[in-house]
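Engineer: could you work out the structure for the sequence below:
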Amino acid sequence: MTTLTAATRTKVLQRQGAAVALAVMVVVSWLTFPRFGSLDNLRDLALQGSFLAVIALGMTFVIITGGIDLSVGSLYALGGVLAAWGSQHGFLTALLLPLVVCGGIGLINGLLIARTNMAPFIVTLASLLFARGLLLAITDEGANTYQVVPDSAFVELGRGTVAGFGYPIFIAAALCVLGGAILNRTGFGQNVFATGGAEQSAILMGVPVARTKVLVYTMSGTLAGLAGALTAAYLQSGVTVIGVGTELDAIAVVVIGGTLLTGGMGTVLGTVIGVGLIKVIQNVINQIGTLDSNYQSVVSGVFLLIVVVLQRILRR
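Structural biologist: Below you'll find the model as predicted:
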């Protein structure tokens with residue numbers, strides 16, 4: 001009975017630890033900083049978190065398979081620039097161009113990783129450099145900033161609101177609900193878990209491991225491009241300097257949310273909670289005012305290290 005209780009506690013800590021930390025942070029911040037609980041601040045929190053949540057959703061699938069995708073930050077920036085340029089040619093071009101290009105780069109990542117057994121770290125690092133180089137080539141090394149056509153339907157996609165909450169929030173929420181359903185309710189989702197849990201055993205059982213890897217990396221690239229498009233619509237321009245370090249933020253929130261870096265375990269809900277936790281920490285640091293914004297990275301790094309250490313202890 002004692003062993004069963006200990007196992008249950010371990011499972012609860014693995015799955016709900018981030019949620020408990022988020023709840024504590026929200027309550028403490030609400031009581032400490034009067035502006036934290038204001039509707040405007042909560043709207044800003046949700047909006048800023050929505051872009052990262054879209055990227056982290058794809059990263060969740062990748063990490064559950066036991067992989068990693070370092071290219072999403074550069075694809076995020078590239079998607080924004082392509083969307084801003086495409087807005088000159090209509091709504092569909094602005095939306096579809098970044099999805100096709102970034103999804104295509106993700107597809108190449110998946111094919112190289114799945115068919116040649118190359119290390120995901122190396123493949124996606126090369127894609128990071130390629131996408132960032134392509135971005136600089138398109139913008140003449142950042143000298144040209146493409147503006148989104150004002151008052152266009154594409155701008156509405158990024159700046160439109162429902163009850164004061166931006167469209168990107170609802171898009172991110174819908175994608176996360178869909179992603180959670182795919183991960184937990186479909187055969188593809190089971191293949192994702194099987195690939196990350198024990199790849200060789202999955203192959204022996206007939207799981208299409210190679211196809212699963214190709215699909216998750218394609219999904220990751222496509223979602224990064226979509227996040228870039230939404231950001232461009234919100235900022236009304238293709239900002240070339242965004243996305244630096246975004247891949248690390250995405251990995252951090254996925255791991256903080258309970259997904260194991262070794263693969264085989266994770267949830268979309270945990271990732272959403274991880275996004276919320278990181279954004280609340282960053283918001284609190286901004287609320288303090290006397291701390292430099294660089295402390296956001298320091299706190300995020302310390303928090304990630306603590307979570308990874310706890311994961312290893314709980315797995316034992």
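
Engineer: this structure: strands as residue ranges?
Structural biologist: Here the chain has its strands, by DSSP state E, at 161-162, 165-166.

Engineer: mean neighbour count, the ones you listed: which tops it?
Structural biologist: Among these, strand 165-166 has the highest mean neighbour count (mean count of other Cβ atoms under 10 Å), at a mean of 20. No exception for glycine: its C-beta is placed from N, CA and C like everyone else's.

Engineer: any idea how far that strand is from the middle of the chain?
Structural biologist: 19 Å (Cα atoms, centre = their mean, to the nearest Å).

Engineer: same check, this time on stretch 51-69
Structural biologist: 6 Å.

Engineer: alpha carbons only: can I get it in PDB?
Structural biologist: Only the C-alpha atoms of stretch 51-69 are listed here, as PDB (Å, rounded to 0.1, in the frame of the first residue of the first chain):
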ATOM      1  CA  PHE A  51       2.600  32.900 -30.200                       C
ATOM      2  CA  LEU A  52       4.900  30.800 -28.100                       C
ATOM      3  CA  ALA A  53       2.100  28.200 -27.500                       C
ATOM      4  CA  VAL A  54       1.700  27.600 -31.200                       C
ATOM      5  CA  ILE A  55       5.500  27.000 -31.600                       C
ATOM      6  CA  ALA A  56       5.600  24.800 -28.400                       C
ATOM      7  CA  LEU A  57       2.700  22.700 -29.600                       C
ATOM      8  CA  GLY A  58       4.800  21.400 -32.500                       C
ATOM      9  CA  MET A  59       7.800  21.000 -30.200                       C
ATOM     10  CA  THR A  60       5.800  18.900 -27.800                       C
ATOM     11  CA  PHE A  61       5.200  16.300 -30.500                       C
ATOM     12  CA  VAL A  62       8.900  16.400 -31.600                       C
ATOM     13  CA  ILE A  63      10.200  15.900 -28.000                       C
ATOM     14  CA  ILE A  64       7.800  13.100 -27.200                       C
ATOM     15  CA  THR A  65       9.300  11.200 -30.200                       C
ATOM     16  CA  GLY A  66      12.700  11.600 -28.500                       C
ATOM     17  CA  GLY A  67      13.800  14.300 -30.900                       C
ATOM     18  CA  ILE A  68      14.600  18.100 -30.800                       C
ATOM     19  CA  ASP A  69      13.900  20.900 -33.200                       C
END
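
Engineer: which residues touch the spatially most central residue of the chain?
Structural biologist: Computing the C-alpha centroid of the chain and ranking residues by Cα atoms, centre = their mean puts residue 56 first, at 1.5 Å. Counting by Cβ atoms under 8 Å, 6 or more residues apart in numbering, residue 56 makes contact with 249, 250, 253, 254, 271, 274, 275.

Engineer: contact partners for the closest residue to it other than its chain neighbours?
Structural biologist: Using Cβ to Cβ, 6 or more residues apart in numbering and skipping the chain neighbours, the partner closest in space to residue 56 is residue 250 (4.6 Å). Counting by Cβ under 8 Å, 6+ apart, residue 250 makes contact with 52, 55, 56, 59, 72, 73.

Engineer: list of residues touching stretch 82-93?
Structural biologist: Against stretch 82-93 from outside (Cβ under 8 Å, 6+ apart): 94-98, 101-102, 138, 145-149, 152-155, 157, 225, 228-229, 232-233, 237-238.

Engineer: for ChimeraX, what selects the buried ones among these?
Structural biologist: This is the ChimeraX syntax for the buried subset of the contacts of stretch 82-93, where burial follows 16 or more other Cβ atoms under 10 Å:
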select :94,95,96,97,98,101,102,138,146,148,149,152,154,155,157,225,228,229,232,233,237,238
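
Engineer: which stretches in the stretch 151-300 of the chain count as helices?
Structural biologist: 153-159, 167-185, 187-197, 199-204, 209-235, 246-256, 268-288, 295-315 (DSSP state H, counting those that start in this stretch).

Engineer: can I assume residue 234 is in contact with residue 158?
Structural biologist: Yes. Under the criterion of Cβ atoms under 8 Å, residue 234 makes contact with residue 158 at 3.5 Å.

Engineer: can you pull the residues that touch both of the two?
Structural biologist: 166, 168.

Engineer: can you list the low-confidence ranges for the stretch 1-150 of the chain?
Structural biologist: 1-17 (pLDDT under 70).

Engineer: same question but for the stretch 151-300 of the chain, I mixed them up
Structural biologist: Using pLDDT under 70, the stretch 151-300 of the chain drops low at 289-294, 296, 300.

Engineer: chain neighbours aside, what residue packs nearest to residue 227?
Structural biologist: Distances taken as Cβ to Cβ, 6+ apart place residue 54 nearest to residue 227, at 4.2 Å, with adjacent residues excluded.
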